[in-house]
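Chemist: any chance you could fold what I've pasted below:
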Amino acid sequence: MTTDVGPDVGPDGVSAELPPAAEPEPMVQPAEPVAVLADEADGTVIRLGPVVVKAHSPASDQAALRARLRVAQHAALHGVLLTPLGEATVRRGRLVTRWPYGQPVDQAAPERFPWAEAGALLARLHAVRPATLPLPLPAAAGPARAARAVERLRGRVTGSRFASARTLVLRAADHPSPTRPTVRPTLCHGDFHLGQLVWADGWRLIDIDDLGVGDPAWDLARPAAWYAAGLLDPNDWQQLLAGYGTTGDPWPWLEAATRALTVQSAAQALLRAQLTDTQLDYDGVALVDSCGRIAGLP
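Modeler: Here you go, the predicted model:
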């Protein structure tokens, strides 16, 4: 992602670097260290000491994002979502939000991944009735994200190296979805994975860009897809379900969303491999294999 707010820009939109002092004094340093935490298509995130600043995508719906920000500040979400620092501002055409810094999940220590805590946070999020919130929210973005990934793959001309994998993924996308019980729409995160958790006086969910009202199965569908593909340890999956409070067989209400997230993740893996002209990685192969099972193909 490109942005007008780079690592040399402070939270007030001005340069975070100071001019050097007169010789022979050493160069004056910024009051807080500046670090780029993410620079992707949906936003640039920089850290300035205890504060994190996010410049959201220029394509963001500003009215929807402001509504999501107000919901994140609501008392019903305290202890569930990381609470933003004040209101959003607009800098150089980009909506900018400020947040307290939280320590992300340590990806080098999978034995300490907070799966149970993540399940408990999702359960608390889904328990918030949208009608009790101060203003209407847009739909959670999970289904739309899945549809965009498939359409991007359909429109991409592929070489022979990925032709078979692309066929499997698109056949899985077109395979009829299983019927499922009707569920009451809830408040949903819209893009849940462990990268969306930080520790800030307890585990908190971050990234409200896809927050909205929808089917709660979509928040569990990505780890369910990893589990079905053999990429998530069964014990971790059970910890997530236990933290969420699931009893009985979860697949009748998870299967349709899990299939869609499997297709989305496989499509994204193929698109990355094509863009970088590299081989499909291990996770991508496993997800494409899952698509073959969904489509009933070898």
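
Chemist: contacts only, for the residue nearest to Leu194 when sequence neighbours are not counted.
Modeler: Once flanking residues are discounted, Leu194 sits nearest to Val105: 5.0 Å by C-beta to C-beta, 6 or more residues apart in numbering. All C-beta atoms are positioned from the backbone trio N, CA, C, and that covers glycine. Val105 is in contact with 113-114, 194-195, 197-198, counting by C-beta atoms under 8 Å, 6 or more residues apart in numbering.

Chemist: could you redo the last one with a cut-off of 7 Å?
Modeler: Neighbour list for Val105: 113-114, 194, 197 [criterion: C-beta atoms under 7 Å, 6 or more residues apart in numbering].

Chemist: below-threshold pLDDT in the stretch 151-298 of the chain: ranges please.
Modeler: 157-159, 297-298 (pLDDT under 70).

Chemist: if we use 90, what do you get?
Modeler: 155-162, 177-184, 247-248, 274-277, 296-298 (pLDDT under 90).

Chemist: all the strands of it, residue numbers only.
Modeler: Using DSSP state E, counting those that start in this stretch, the strands found in the stretch 151-298 of the chain span residues 186-188, 197-199, 203-205, 212-214.

Chemist: beta partners for the closest residue to Pro130 other than its chain neighbours?
Modeler: Using C-beta to C-beta, 6+ apart and skipping the chain neighbours, the partner closest in space to Pro130 is Val213 (4.8 Å). Beta-bridge partners of Val213, counted by DSSP bridges, are Ala139, Leu187.

Chemist: tally of neighbours for Val213?
Modeler: Using other C-beta atoms under 10 Å, Val213 has 18 neighbouring residues.

Chemist: isn't it up against Gly142?
Modeler: No: the criterion here is C-beta atoms under 7 Å, and Val213 misses it with Gly142 at 11.2 Å.

Chemist: now do the shared contacts for the two.
Modeler: Looking at what touches both Val213 and Gly142 (by C-beta under 7 Å, 6+ apart), the common residues are Cys188.

Chemist: quick revisit: from Arg129, how far out is the residue nearest to Pro130?
Modeler: Counting by C-beta to C-beta, to the nearest Å, the separation of Val213 from Arg129 is 10 Å.

Chemist: rewinding a little: so which of the contacts of Val105 is surrounded by the most neighbours?
Modeler: Leu197 (23 neighbours).

Chemist: which residues does the most centrally placed residue in the chain contact?
Modeler: Central residue of the chain (C-alpha atoms, centre = their mean): Asp191, 3.7 Å from the mean position. Each residue near Asp191 by C-beta under 7 Å, 6+ apart is listed here: 141-142, 145, 207, 210.
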